[in-house]
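Participant: Turn this into a structure:
(chains A and B)
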Amino acid sequence: MVVTDIHEGVARPRPTDAASLAAWNVAAQVVDPEIPVLTIEDLGVLRSVRVTSDSVAVTLTPTYSGCPAMDAMRDDVLTVLTSAGYTNVSVRLVLSPAWTTDWMSEIGKAKLREYGIAAPTGHSTVRESGPAGPIRLKMAVKCPRCSSLNTRELAHFGSTSCKSLYECRDCLEPFDYFKVL
Amino acid sequence: MSDNVTTDVADHADDHGHATVDVTTLDAELIEGPSNATPDIAEYALWLGDDALILAQQLGAWISRAPELEEDVALGNVGLDLIGHARSLLHYAGTASNRTEDDLAYWRTEPDFRSLHIVEQPNGDFAHTIARQFIVSHYLFELYSRLRASADATLAAIAAKAVKEVDYHRDHSTQWVLRLAHGTDESRRRISTALGDLWPYVDEIFRDDPLIDRLEGIAVRPSSLRPAFDVAIAPVLAEAELDVPVGFVASGGGRAGKHSEHLAFLLAEMQVLTRAHPGASW
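Facilitator: As a prediction, the model looks like this:
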């Protein structure tokens, strides 16, 4: 399956045939072991599921290159599909097109906030080249506890690759922010 | 690094609690489509993969030793990203010789590594590690930005993934160069010394090897990156009120497998467990 629209937002590239869609719905139950409220469908990590007469082929894309949770997610997809009675299940990791937080579903973002993690704000903007210049346009990150926009970054690298550490200056609580990639 | 990744659930049954010898199982395919590297492309992938692997190993040593907890986490995360790049690149390099990424990482000796001398320079104090990160992450950002347009689909895919992560790495090191330079007299002295100590190794990064002539359109010519690198770091050094160091140029030779005295010790530590227990997994 070729992903043509990288800013697809809400819509997941669900398969169109019934057999593949059924397997997709099984695979989509797998959650991120580090953020158990998010399924791999919410994250945009589940890219395709294809059922043929005697096999299932699943494609995942890693969030960060070195993310250790990928191995767990891959194993969980195998387990959940096998438990559902599928045989000859194969799971492939595909790098291209590269994962971006733009693929996270709106439902996923809402679940993140409820879980206490600020969801990514704005779109991924990897510049072509040039210096780490003076123009770093950033949208304010909203505190998931009190919704204040009066927050500041404490550390760019947080408890996992995908998060940074913020502090709310109103309710004074520290919180994780799922940073834009 | 994980080995023995297989797509057959039955093979997973004994994964936990047993040491199994399984060094020949290929890791999961990372890229769409059939893609075996040619020997030249594999050599180029080794260049980039070894740079990432050695630097990641160095950064891992900071965990529990950085000036503050946030830096333990930051340097650990940067290292983790680099391990990811190394895995993809070494996996691809291995397709030319039927070797796994783990085989290449753990069972080659010093002369077979193709990494640059700058990545094997000791961590030193925090300023030395930051200076090394500053130089290397700015270089890698320019490299991967251009490698995205490679005629080789696998290299292009790896680069497109890596450039987004390296963008965060160069931001991290830039912020620290500025902070150290404008911190205390002591922090300024240290970052200035560190830049001077690391600068002799910058030249090697941008040297062209004959291999590059055979990979036109596939690899990025190192010398072509120097102007963009200079343009990128100049405003940071200006804001930090630090001079671009001048002085001698180190001999280099990493791409030909000629290394300094530091690499062998680093490899000994990185490889000892695998070599003591060949094929073990848990």
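Participant: Which residue is it, in the stretch 151-282 of chain B, that comes closest to chain A?
Facilitator: For the stretch 151-282 of chain B and chain A, the shortest gap (C-beta to the nearest C-beta) falls at B:Ala157, measuring 3.4 Å. Where you see a C-beta, it was placed from the backbone N, CA and C, and this is true even at glycine.
Participant: from memory that residue sits against A:Leu95, does it?
Facilitator: Yes - judged on C-beta atoms under 8 Å, B:Ala157 makes contact with A:Leu95 at a distance of 4.5 Å.
Participant: so what are the domain limits for chain A?
Facilitator: A:18-100, A:116-122+A:139-178 (automatic domain parsing).
Participant: Looking at the ones you listed, which is nearest to B:Gly84?
Facilitator: Within those, the stretch nearest B:Gly84 is domain A:18-100; the backing value is 2.5 Å (C-beta to C-beta).
Participant: For chain A, which segments are assigned as strands?
Facilitator: For chain A, the strands defined by DSSP state E occupy A:46-51, A:56-60, A:89-93, A:117-118, A:151-155, A:163-168, A:174-178.
Participant: Tell me where chain A has helices.
Facilitator: Assigned by DSSP state H, chain A shows helices spanning A:18-27, A:40-43, A:69-83, A:106-115.
Participant: Quick one: residues contacting the residue in chain B that chain A sits nearest to.
Facilitator: Nearest residue of chain B to chain A, counting by C-beta to the nearest C-beta: B:Gly84, 2.5 Å away. Contact analysis of B:Gly84 by C-beta atoms under 8 Å, 6 or more residues apart in numbering or on different chains lists A:Pro62, A:Tyr64, A:Ser65, A:Gly66, A:Cys67, B:Glu165.
Participant: Next up, the contacts around the fifth one.
Facilitator: With contacts defined as C-beta under 8 Å, 6+ apart, A:Cys67 is in contact with A:Thr160, A:Ser161, A:Cys162, B:Leu80, B:Gly84.
Participant: May I have the secondary structure class of B:Gly49?
Facilitator: Following DSSP: H, G, I helix; E, B strand; the rest coil, B:Gly49 is assigned to helix.
Participant: And stretch B:241-260, what's buried?
Facilitator: B:Leu242, B:Pro245, B:Ala250, B:Gly252, B:Gly254, B:Arg255, B:His259, B:Ser260 (16 or more other C-beta atoms under 10 Å in any protein chain shown).
Participant: Would you mind checking which of those residues is nearest to B:Asp72?
Facilitator: Nearest member of those to B:Asp72, counting by C-beta to C-beta, is B:Leu242, at 25.9 Å.
Participant: now the residue minimising distance to the centre of chain A: how far from A:Val30?
Facilitator: Central residue of chain A (C-alpha atoms, centre = their mean): A:Leu43, 2.5 Å from the mean position. Relative to A:Val30, A:Leu43 is positioned 10 Å away (C-beta to C-beta, to the nearest Å).
Participant: shaky segments in chain A?
Facilitator: A:1-12, A:123-138 (pLDDT under 70).
Participant: tell me the contacts of the residue in chain A sticking out farthest from the centre?
Facilitator: No residue in chain A sits farther from the centre than A:Ser53, which is 30.2 Å out by C-alpha atoms, centre = their mean. Neighbour list for A:Ser53: empty [criterion: C-beta under 8 Å, 6+ apart].
Participant: Neighbours of B:Arg207, how many?
Facilitator: Using other C-beta atoms under 10 Å in any protein chain shown, B:Arg207 is surrounded by 16 other residues.
Participant: Report pLDDT for it.
Facilitator: At B:Arg207, the model reports a pLDDT of 97.
Participant: List phi and psi for it.
Facilitator: Dihedral pair for B:Arg207: phi -90, psi 140, per degrees, to the nearest 10.
Participant: what ranges do the helices span in chain B?
Facilitator: Using DSSP H, the helices of chain B run over B:39-60, B:69-94, B:101-106, B:117-120, B:126-147, B:153-181, B:185-198, B:202-205, B:210-213, B:226-239, B:261-276.
Participant: Tell me the helices and strands packed up against the fifth one.
Facilitator: The contact analysis (3 or more C-beta pairs under 8 Å, 6 or more residues apart in numbering or on different chains; DSSP states H and E) places helix B:126-147 against helix B:39-60, helix B:69-94, helix B:117-120, helix B:153-181, helix B:185-198, helix B:202-205, helix B:226-239.
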